[in-house]
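Student: return atomic coordinates for the entry below.
(one chain, ligands or ions: 1)
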Amino acid sequence: MNKMKDFEKQIDGIISKLSLKEKIGQLNQPETPTADNAEEFKERVRNGEVGSILMSVGATAGNDAQGGISVEFYNELQRIAVEESKSGIPILFGRDVIHGHRTVFPIPLAMTASFNEELVEQSYSDIADEASNEGVHWTFTPMLDLARDPRWGRVIEGPGEDPFLGSAMAKAIVKGLQGDDPSKKGKMLACAKHYVGYGASESGIDYHRTEISDYSLNNYYLPAFKSAIDAGAVTVMSAFNDISGQPVTSSRYYLTDILRKRLGFGGFVVSDYDAVCQLAKQGVAEDDSDCTEMALNAGLDMDMHDGVYMKCLEKLVETGRVKMETVDEAVRRILRVKFQKGLFEDPYCKKGAVDIEIHRMHAKEMAAESIVLLKNEGVLPIKKSDRVALAGPFIHERRSLLGSWMLDGKPEETPNMCEAMKAKSTGGVTSVNGTDLGWDSSLKWMCNTDVTVLCLGESWTSTGEHRSVSNIALTPDQTMLIERARSTGKKVIGVLFCGRPIEMQGIADNFDALIYAWHGGSEVASAVADIIYGDNVPSGKLPITIPRKATHIPIYYNITPSGRPVDCYYGENAGECYVDSLPTPYYPFGYGLSYAKFVYGDIVCKEPEIAFDDIKSGKKFEVTIDITNEGDFDGKEVAELYIRDKLASMMRPIKELKGFKKVLIKKGETVTVTFTLGYDELGFFLPNGEYVVEPGKFDVYLGENCLTERKITVEIK
Ligand code: NOJ
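Tutor: Okay, here's the model as predicted:
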């Protein structure tokens with residue numbers, strides 16, 4: 001981050017004048033006051049007790065909209081901090097702006113499905129533009145928790161099951177939010193969360209324990225954080241969970257040894273909401289003093305909401321349980337970020353104009369590229385003159401399209417499917433909301449149209465924080481509706497608005513075409529209608545496996561091979577895994593169809609044998625492939641490159657994504673896609689964190705999804 005060094009002298013000067021209490025105030029992040037305690041809160045600001053404010057109320061704030069931001073009120077608090085507190089240090093305002101502000105973009109899992117880093121970066125730049133215009137300095141994004149269990153409600157917030165894809169998204173989001181200088185107008189500070197392992201919560205139950213070996217941690221869970229840090233993320237939020245019995249909140253190993261010493265993080269760490277005082281509930285601390293001592297000494301700089309630093313730290317320093325230097329270091333890290341955000345130069349929010357129209361256009365583009373076409377048996381796109389029967393519980397739905405973690409968007413500004421379809425149709429759209437149709441009348445009505453479109457899915461209320469589910473199937477009334485529509489003999493198109501992968505067995509078979517639209521944000525309905533009518537061509541691919549049945553969870557593509565049966569459930573021997581069901585994915589990682597017809601050529605590598613020493617000293621080699629669009633539509637294809645390290649000192653995954661490129665290929669055209677591989681792509685981390693590339697053979701796969709068998713072998717000798 002630029003400007004970093006210039007601030008150190010000024011920070012020294014500030015710290016030397018602060019009382020211990022004022023220092024502790026900088027480490028304290030209370031939440032926004034309500035009308036009842038606003039005056040008392042202002043007094044706390046005046047006394048230097050408020051370093052930062054969480055601009056929402058409640059532990060799971062992202063589940064509910066809480067009314068807009070009062071810029072005047074926050075400016076008034078800032079004025080008190082700057083003009084009336086003794087230190088004059090400005091407050092840092094943080095809010096959960098997770099996938100949109102007034103304009104809501106698709107849930108992050110869906111944005112990941114776009115495999116389009118530029119578009120993700122642009123989306124987060126728009127998001128920063130809108131939120132910073134209302135005084136938000138800092139957002140608790142990106143959420144980088146690798147997740148393999150769709151029962152976990154928070155799977156919506158993250159990048160899915162792959163560390164390479166997660167790392168690409170981390171970089172794009174941080175760049176979009178912060179730009180090259182977060183103090184510039186329209187930029188916000190990023191916060192990489194939840195460090196680390198939260199997505200591995202056992203049984204998908206939120207806040208639950210995790211069991212992660214150092215080997216898995218290094219290779220699966222840490223890379224996205226490393227990527228966010230390298231991209232310049234200046235804050236990190238520690239995770240609620242424990243890892244194998246060690247709460248992250250109080251772990252010096254995770255918060256200092258790995259995060260700072262190994263990953264090179266130089267910013268500050270904020271706790272998750274009330275996580276410091278919860279150390280007592282987790283049974284590793286006796287009381288608030290213990291919690292405070294353990295967390296701060298572990299490397300946790302700012303205490304979100306529970307106020308225990310404020311309550312206990314002064315005494316802990318006086319009694320020598322926490323050193324003054326430790327407090328000073330935490331204050332220094334926080335002040336540095338405040339300088340980086342430019343708060344000492346310009347602490348107030350001056351609301352200006354933001355171009356919502358352009359942001360909505362981008363939100364539509366993002367939604368369109370996030371949509372994954374799962375099935376199409378010659379039915380899509382339909383003609384505008386087709387008579388459409390539109391049914392299902394999501395035809396009038398607005399709120400769920402915006403998804404969870406949506407504080408500032410407006411359902412009333414969100415077109416629903418009925419409106420979006422009618423706006424394009426010339427043949428007419430007749431619609432029946434819900435699933436409770438009279439049997440005879442629904443059949444007759446559907447029979448009199450050319451095609452039925454069913455809009456189905458899950459409510460936003462069963463996704464997000466503290467919203468895990470044990471059943472990831474569509475509700476029985478929805479499956480009944482699908483069966484009825486099927487029985488008409490007419491073509492049936494399904495559109496699924498979901499926050500997570502759902503159980504697909506018994507669902508996909510009943511559709512002629514199936515569109516996964518996620519909780520796709522403010523413009524998803526119009527993006528879906530464009531795709532249904534052929535005004536746009538789908539190009540999303542799955543960032544997470546869609547299972548046949550929930551009983552197959554966890555199911556993810558980058559498993560290590562077992563001795564028997566070889567390759568196990570994701571591969572061809574899956575039939576041997578269970579005697580009672582086939583656990584292969586219904587739709588694998590990286591899967592998604594197009595209206596275009598992409599034909600891959602052969603993989604070309606001019607240097608299939610390379611000396612190990614050359615690779616070690618930075619030599620790279622190229623792998624290319626021609627992709628021809630033999631279809632009738634122009635379209636974008638995501639070419640995916642996977643490797644398999646055939647022989648290594650530790651077991652390596654049967655495939656690992658190591659490159660992807662999204663390219664526009666016009667009909668009739670051929671595009672050559674080039675990937676560059678080298679030391680950074682061929683290695684892995686040992687349990688002790690050491691990165692190694694081991695000589696030997698590597699299969700390099702290139703194709704349309706993780707099941708591709710198109711490969712060449714490269715040898716590093
Ligand atoms: C708890 C959530 O885990 C975290 O993601 C969020 O940023 C904080 N609450 C603040 O709302």
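Student: residue 103 is in contact with residue 522, isn't it?
Tutor: Yes - between residue 103 and residue 522 a contact is recorded at 5.5 Å, counting by C-beta atoms under 8 Å. Using the backbone N, CA and C atoms, a C-beta is placed for each residue, glycine as well.
Student: identify the contacts common to these two.
Tutor: 360, 363, 409 (C-beta atoms under 8 Å, 6 or more residues apart in numbering).
Student: now the residue nearest the centre of the chain: closest residue in space, sequence neighbours ignored.
Tutor: Geometric centre of the chain, nearest residue: residue 158, 2.5 Å, by C-alpha atoms, centre = their mean. Among residues not flanking residue 158 along the chain, residue 145 sits closest, at 4.6 Å (C-beta to C-beta, 6 or more residues apart in numbering).
Student: and what of residue 599?
Tutor: Using C-beta to C-beta, 6+ apart and skipping the chain neighbours, the partner closest in space to residue 599 is residue 628 (4.8 Å).
Student: partner residues bridging the one you found?
Tutor: Under DSSP bridges, the beta-bridge partners of residue 628 are residue 599, residue 670.
Student: so how far is residue 598 from it?
Tutor: Here residue 628 is placed at a distance of 7 Å from residue 598 (C-beta to C-beta, to the nearest Å).
Student: give me the common contacts of those two.
Tutor: Counting by C-beta under 8 Å, 6+ apart, the contacts common to residue 628 and residue 598 are residue 665.
Student: tell me where the stretch 151-300 of the chain has helices.
Tutor: In the stretch 151-300 of the chain, the segments counted as helices under DSSP state H, counting those that start in this stretch are 163-178, 214-216, 223-230, 252, 278-281, 288-298.
Student: what's the next secondary structure element after the lowest-mean-pLDDT helix or strand in the chain?
Tutor: Taking mean pLDDT, DSSP states H and E as the measure, the chain has helix 439-447 as its least confident helix or strand, at a mean of 72. Toward the C-terminus, helix 439-447 is succeeded by strand 451-457 as the next helix or strand (DSSP states H and E).
Student: spell out which residues of the chain are next to the ligand.
Tutor: Counting by C-beta under 6 Å from any ligand atom, the residues of the chain lying close to the ligand are 54, 56, 61, 96, 140, 193, 272-273, 465.
Student: circling back to that earlier point, which of the shared contacts of residue 103 and residue 522 has the most neighbours?
Tutor: Most neighbours among the shared contacts of residue 103 and residue 522, by other C-beta atoms under 10 Å: residue 363, with 28 neighbours.
Student: that one falls within a helix, correct?
Tutor: Yes - with DSSP: H, G, I helix; E, B strand; the rest coil as the criterion, residue 363 is located in a helix.
Student: mind checking how far it is from the ligand?
Tutor: Distance, residue 363 to the ligand, using C-beta to the nearest ligand atom, to the nearest Å: 22 Å.
Student: now for that residue: which residues touch it?
Tutor: Shown in contact with residue 363 (C-beta under 8 Å, 6+ apart): 100, 103-106, 123, 126, 521-523.
Student: out of those residues, who's nearest residue 562?
Tutor: Nearest to residue 562, judged by C-beta to C-beta, of those is residue 106 at 35.7 Å.
Student: hmm, back to that, which of the contacts of residue 363 fall in helices?
Tutor: Members of the contacts of residue 363 lying in helices (criterion: DSSP state H): 123, 126.
Student: return the member of the contacts of residue 363 nearest to residue 473.
Tutor: Proximity of the contacts of residue 363 to residue 473, judged by C-beta to C-beta, is greatest for residue 106, which lies at 22.6 Å.
Student: hmm, that closest one is touching residue 366, no?
Tutor: Yes - with contact defined as C-beta under 8 Å, residue 106 counts as touching residue 366 (5.9 Å).
Student: shared neighbours, those two?
Tutor: With C-beta under 8 Å, 6+ apart as the test, residue 106 and residue 366 both reach residue 521.
Student: quick one: which of those two has more around it?
Tutor: residue 106 (35 against 28).
Student: how near is the residue nearest to residue 599 to residue 641?
Tutor: 18 Å.
Student: list the buried residues in stretch 348-359.
Tutor: Buried residues in stretch 348-359, counted by 16 or more other C-beta atoms under 10 Å: 349, 354, 356, 359.
Student: let's see the host helix or strand of residue 713 as PDB, backbone CA atoms only.
Tutor: Element membership for residue 713, per DSSP H and E: strand 711-716. The C-alpha trace of strand 711-716 is given here as PDB (Å, rounded to 0.1, in the frame of the first residue of the first chain):
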ATOM      1  CA  LYS A 711      -4.900 -33.800 -21.100                       C
ATOM      2  CA  ILE A 712      -1.200 -33.900 -21.800                       C
ATOM      3  CA  THR A 713       1.600 -34.800 -19.500                       C
ATOM      4  CA  VAL A 714       4.500 -32.500 -18.700                       C
ATOM      5  CA  GLU A 715       7.600 -33.700 -16.900                       C
ATOM      6  CA  ILE A 716       9.700 -31.600 -14.600                       C
END
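Student: now the phi/psi pair for residue 30, please.
Tutor: Backbone geometry at residue 30, expressed as degrees, to the nearest 10, gives phi -80, psi 170.
Student: from memory it sits against residue 50, does it?
Tutor: Yes - with contact defined as C-beta under 8 Å, residue 30 reaches residue 50; the gap is 6.1 Å.
Student: what touches both of those two?
Tutor: Taking C-beta under 8 Å, 6+ apart as the contact rule, residue 30 and residue 50 both touch 41, 44.
Student: hmm, back to that, and the residue nearest to the centre of the chain, what pLDDT?
Tutor: Listed pLDDT for residue 158 reads 98.
Student: ok, it to residue 695 distance?
Tutor: The gap separating residue 158 from residue 695 is 35 Å, by C-beta to C-beta.
Student: show the contacting residues for the closest residue to residue 159 other than its chain neighbours.
Tutor: Excluding the flanking residues, the one nearest residue 159 by C-beta to C-beta, 6+ apart is residue 166, at 3.9 Å. By C-beta under 8 Å, 6+ apart, the residues touching residue 166 are 112, 144, 146, 158-160, 223-224, 227.
Student: repeat that for residue 59.
Tutor: Contact partners of residue 59, counting by C-beta under 8 Å, 6+ apart, are 273-274, 305, 466.
Student: against residue 676, how distant is the residue lying closest to residue 593 once chain neighbours are set aside?
Tutor: Nearest-residue entry for residue 593: residue 373, 4.3 Å, with adjacent residues in sequence omitted and distances by C-beta to C-beta, 6+ apart. From residue 373 over to residue 676 the distance is 30 Å, taken as C-beta to C-beta.
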